[in-house]
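Engineer: Model the structure of this input:
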Amino acid sequence: MGWLIGLLVFAGVLVAWFASTYNGLVNLRNRFKNAFAQIDVQLKRRYDLIPNLVETAKAYLAHERGTLEAVIAARNSASAARQEAAADPGNATAMRDLSTAEAGLSGVLGRFFALSEAYPELRSNQNMMQLSEELSTTENKIAFARQAYNDAVMRYNNKCEMVPSNFVAGMFGFHRAEFFEVQDEGQREPVKVQF
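Structural biologist: Next up, the predicted model:
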């Protein structure tokens with residue numbers, strides 16, 4: 001009779017451990033998804049600002065149509081990648097695509113702002129200065145949100161990979177999440193939006 005009670009206690013402890021580990025993994029997965037949602041909000045804000053910047057600059061940069069079109073195309077590409085990543089932040093391919101699209105957008109924006117430096121009337125335009133300041137603030141918020149996301153992914157990945165929780169992660173389909181990293185070393189600097 002004593003061995004039966006011992007067996008039941010052991011089984012109860014094992015079930016409690018499985019439940020606790022599973023719930024911990026769900027909690028960490030939801031945290032990194034929430035952290036991505038914070039990035040998503042800032043990226044959307046950034047993408048909403050870009051057409052306003054281009055529209056403001058159009059009158060001054062009429063003969064630079066190629067640059068303006070490149071900015072809009074890169075914005076649209078990054079926006080589409082954002083939507084795909086937002087649908088499943090745990091999808092490694094979607095996160096890599098978003099990182100690549102963001103690097104492309106940052107590069108085109110850098111060229112756009114470098115070009116606009118040559119136009120003093122544009123630099124002094126009140127609307128352009130305000131939009132540039134909003135974009136700069138948004139870039140900072142994106143950087144902070146990306147750091148919080150990467151921290152949440154690290155905690156989740158640690159739980160998925162460490163013994164003994166990796167057994168539960170493998171049994172229930174918890175897979176390693178991808179960090180949101182800048183792909184190109186040249187893109188690690190924030191976009192300069194100073195006029």
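
Engineer: The closest residue to His175 other than its chain neighbours: what secondary structure?
Structural biologist: Closest residue in space to His175, ignoring its immediate chain neighbours: Gly90 at 6.7 Å, by CB to CB, 6 or more residues apart in numbering. Any C-beta I mention is one placed from the backbone N, CA and C, and that applies to glycine too. What DSSP: H, G, I helix; E, B strand; the rest coil gives for Gly90 is coil.

Engineer: Torsion angles phi and psi at Glu117?
Structural biologist: phi -60, psi -30 (degrees, to the nearest 10).

Engineer: what residue is smack in the middle of this protein?
Structural biologist: Geometric centre of the chain, nearest residue: Ile39, 4.9 Å, by CA atoms, centre = their mean.

Engineer: Distance-wise, check that residue relative to Leu28.
Structural biologist: 17 Å (CB to CB, to the nearest Å).

Engineer: so the residue nearest to His175 touches Phe180, yeah?
Structural biologist: No: counting by CB atoms under 8 Å, Gly90 stays clear of Phe180, with 11.8 Å between them.

Engineer: of the two, who's got more company?
Structural biologist: Using other CB atoms under 10 Å as the criterion, Gly90 and Phe180 rank with Phe180 on top: 23 against 18.

Engineer: so what's the more buried one up against?
Structural biologist: Phe36, Ile39, Met95, Leu98, Ser99, Arg146, Tyr149, Asn150, Val153 (CB atoms under 8 Å, 6 or more residues apart in numbering).

Engineer: per-residue pLDDT, the fifth one?
Structural biologist: Read it as Ser99. We have a pLDDT of 93 for Ser99.

Engineer: measure it to Leu109 for me?
Structural biologist: Taking CB to CB, one finds Ser99 at 16 Å from Leu109.
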